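Visitor: pasting the sequence and the predicted model now:
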Amino acid sequence: MSHSAEAHHDHHDAPSGIKRWIFATNHKDIGTMYLVFSLAMFFVGGAMAMVIRAELFQPGLQFVDPGFFNQMTTMHALMMIFGAVMPAFVGLANWMVPLMVGAPDMALPRMNNWSFWILPVAFGLLLSTLLMPGGSPAGGWTMYPPLVLQTGDAFPFLIFSVHLMGMSSIMGAINIVVTIMNMRAPGMGLLKMPLFVWTWLITAYLLILAMPVLAGAVTMLLTDEYFGTSFFNAGGGGDPLMFQHVFWFFGHPEVYIMILPAFGIVSQIIPTFARKPLFGYESMVYATASIAFLSFIVWAHHMFTVGMPLSGQLFFMFSTMLIAVPTGVKVFNWMATMWKGSMTFETPMLFAIAFVFLFTIGGFSGLMLGITPADFQYHDTYFVVAHFHYVLVPGAIFAIMAGVYYWLPKWTGHMYNETLAKWHFWMSAIFVNVTFFPQHFVGLAGMPRRIPDYATQFADFNMVSSIGAFVFGASQLLFVYIIWSCVRGGEKATTQVWDGAEGLEWTVPSPAPHHTFEVAPEVK
């Protein structure tokens with residue numbers, strides 16, 4: 001198609017302005033919308049975290065009443081998990097999976113549009129509960145009955161918004177599976193796919209299996225409240241513990257949904273900046289699949305203190321320990337990839353290395369929590385908060401940031417400001433530890449989680465933690481500025497953007513497929 005004909009064609013067919021985004025079916029536009037949306041939710045959820053840390057800056061009740069504090073802990077978690085981390089990974093998948101498998105677009109572009117646009121509606125509903133009589137839900141993100149049933153008018157809106165988030169996730173996952181299975185370029189076998197594609201394929205199956213379980217759990221909550229059923233109501237012969245079983249049967253795979261794509265991103269970045277192929281490519285694929293399989297048989301390690309039989313405690317303890325094996329394989333392979341590599345330390349690599357180190361700390365505290373008798377001491381203390389924030393902030397979120405810095409030049413054609421990006425990295429890496437490391441100590445000393453006030457012996461570490469959180473939060477504004485200025489312009493990114501003569505590819509840590517296009521596709 002000549003340039004004039006192409007311009008003419010675009011003029012008639014391609015919607016412009018706001019319509020380009022509302023009716024988007026292009027995987028890059030939809031990926032961009034997911035990423036922008038997740039960044040917005042990251043700041044909304046972050047603002048809620050700032051309320052929490054301001055209240056906990058010193059003992060006593062300073063800023064908010066306990067009811068609103070509980071609403072903040074609940075909403076912060078829902079915003080960060082379903083609004084920030086998951087949509088960011090889906091956005092990265094939308095952008096990169098078609099490019100990495102040589103597909104022209106996602107398999108189901110119209111559904112892709114819908115699965116995105118459901119999200120602003122879902123979070124609009126969820127945030128609107130802040131304005132309702134009685135305020136937002138305050139039963140924790142786990143929505144345990146009977147706690148969550150006391151949330152008044154907000155309750156059905158919470159349930160409906162969770163349903164919408166689940167629909168979005170399931171549709172996005174189906175789209176990814178179909179794209180990867182049906183639209184790979186000729187010659188690209190499954191074991192030739194880049195690892196980011198592999199981790200997303202496995203994550204998509206986890207989503208398809210786990211999200212309907214959450215839908216079932218919250219639907220039973222809804223019918224208990226409004227339709228006279230007694231699934232979780234002991235007075236009617238139900239069992240509130242059953243909710244915990246059903247919830248965590250979703251909830252444990254969910255935490256792997258939030259970390260497997262991060263493993264994929266890090267497995268793309270480390271080989272690039274170590275300038276050698278990923279060590280043990282196939283073992284990485286099998287390790288990812290093993291983690292995904294095992295994630296479905298460990299759910300009750302969240303429930304050691306509920307009074308389950310000893311045989312149950314032992315089963316869930318040992319199966320939890322087992323997940324450490326494939327995870328250890330991955331960490332070993334990342335280290336072996338860097339071993340004797342010609343390493344350079346651009347921003348994506350810094351975030352990836354921080355990920356490996358800090359995620360491993362989170363893994364070790366997870367093993368501690370998996371030891372049943374020890375968990376009786378740790379359960380519902382700040383040690384648990386420290387553990388999962390190490391996995392999710394320097395884990396999932398650092399990996400997302402690494403991926404954004406790694407692929408921004410490819411997306412925008414511009415190079416971001418490397419100096420500012422390194423400032424962003426060091427501020428984030430230092431203050432994420434200032435924030436969350438002291439929480440291990442107060443947790444081991446007995447400070448319970450989800451409380452607005454605490455005994456004075458925990459005051460010093462809480463103040464340190466709050467200061468860390470404020471600086472960490474503020475330094476994320478730098479991230480927005482870096483992205484904004486990169487999108488607006490900046491020096492042109494060349495094909496050699498990641499350093500020099502090698503001309504390193506963005507998308508190929510695995511064996512590259514043979515070039516099978518009869519005509520090289522035109523790149524706009």
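Guide: Now that the structure is in, tell me what you want to look at.
Visitor: pLDDT score for the spatially most central residue of the chain?
Guide: Closest to where the C-alpha atoms of the chain average out (CA atoms, centre = their mean) is V85, at 3.1 Å. At V85, the pLDDT value in this model is 98.
Visitor: now G139
Guide: At G139, pLDDT is 88.
Visitor: over to the one 4 residues further on?
Guide: If you check M143, the pLDDT there is 94.
Visitor: again with G135
Guide: pLDDT for G135: 89.
Visitor: list the buried residues of stretch 50-62.
Guide: Buried residues in stretch 50-62, defined by neighbour count with 16 or more other CB atoms under 10 Å: M50, V51, I52, R53, E55, L56, F57. Glycine gets a C-beta too; all of them are placed from N, C-alpha and C.
Visitor: take those and lay them out in JSON lines including secondary structure and pLDDT.
Guide: Formatted as JSON lines, the buried residues of stretch 50-62 follow (DSSP: H, G, I helix; E, B strand; the rest coil; pLDDT from 0 to 100):
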{"residue": "M50", "secondary structure": "helix", "pLDDT": "98"}
{"residue": "V51", "secondary structure": "helix", "pLDDT": "98"}
{"residue": "I52", "secondary structure": "helix", "pLDDT": "98"}
{"residue": "R53", "secondary structure": "helix", "pLDDT": "98"}
{"residue": "E55", "secondary structure": "helix", "pLDDT": "98"}
{"residue": "L56", "secondary structure": "coil", "pLDDT": "98"}
{"residue": "F57", "secondary structure": "coil", "pLDDT": "97"}
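Visitor: got these as JSON lines, with distance to G17 columns?
Guide: Formatted as JSON lines, these follow (distance: CB to CB, whole Å):
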{"residue": "M50", "distance to G17": "35"}
{"residue": "V51", "distance to G17": "37"}
{"residue": "I52", "distance to G17": "39"}
{"residue": "R53", "distance to G17": "40"}
{"residue": "E55", "distance to G17": "43"}
{"residue": "L56", "distance to G17": "45"}
{"residue": "F57", "distance to G17": "45"}
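Visitor: which among those gets closest to A204?
Guide: I52 (32.5 Å; CB to CB).
Visitor: where's the closest one relative to H389, distance?
Guide: 12 Å (CB to CB, to the nearest Å).
Visitor: quick one: low-confidence ranges for this structure?
Guide: Residues of the chain meeting the criterion pLDDT under 70: 1-13, 499-524.
Visitor: longest helix of it?
Guide: helix 195-226 (DSSP state H).
Visitor: could you say what helices and strands that one packs with?
Guide: helix 86-101, helix 154-182, helix 240-257, helix 260-274, helix 281-294 (3 or more CB pairs under 8 Å, 6 or more residues apart in numbering; DSSP states H and E).
Visitor: so how far is that helix off the chain centroid?
Guide: Here the centre of helix 195-226 is set off from its chain's centre by 14 Å, with CA atoms, centre = their mean, to the nearest Å.
Visitor: list the buried ones in it?
Guide: Residues of helix 195-226 classed as buried by neighbour count (16+ other CB under 10 Å): 195-211, 213-215, 217-218, 220-222, 224-225.
Visitor: and the angle from it to helix 260-274?
Guide: 160 degrees (axes from the mean of the first three to the mean of the last three CA atoms, to 10 degrees).
Visitor: report the angle between the axes of helix 195-226 and helix 86-101?
Guide: Between helix 195-226 and helix 86-101, the angle comes out at 150 degrees (the same axes, to 10 degrees).
Visitor: I'd like to check the angle between helix 195-226 and helix 281-294, please.
Guide: Interaxial angle of helix 195-226 relative to helix 281-294 (the same axes, to 10 degrees): 10 degrees.
Visitor: next, the angle helix 154-182 makes with helix 195-226.
Guide: With the same axes, to 10 degrees defining the directions, helix 195-226 sits at 150 degrees from helix 154-182.
Visitor: how near is T223 to F157?
Guide: Here the criterion is CB to CB. By it, T223 lies 16 Å from F157.
Visitor: show me what contacts L294?
Guide: S319, L322, I323, P326 (CB atoms under 8 Å, 6 or more residues apart in numbering).
Visitor: with secondary structure as added columns, please give those residues in JSON lines.
Guide: Formatted as JSON lines, the contacts of L294 follow (DSSP: H, G, I helix; E, B strand; the rest coil):
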{"residue": "S319", "secondary structure": "helix"}
{"residue": "L322", "secondary structure": "helix"}
{"residue": "I323", "secondary structure": "helix"}
{"residue": "P326", "secondary structure": "helix"}
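Visitor: kind regards, and thank you for your time.
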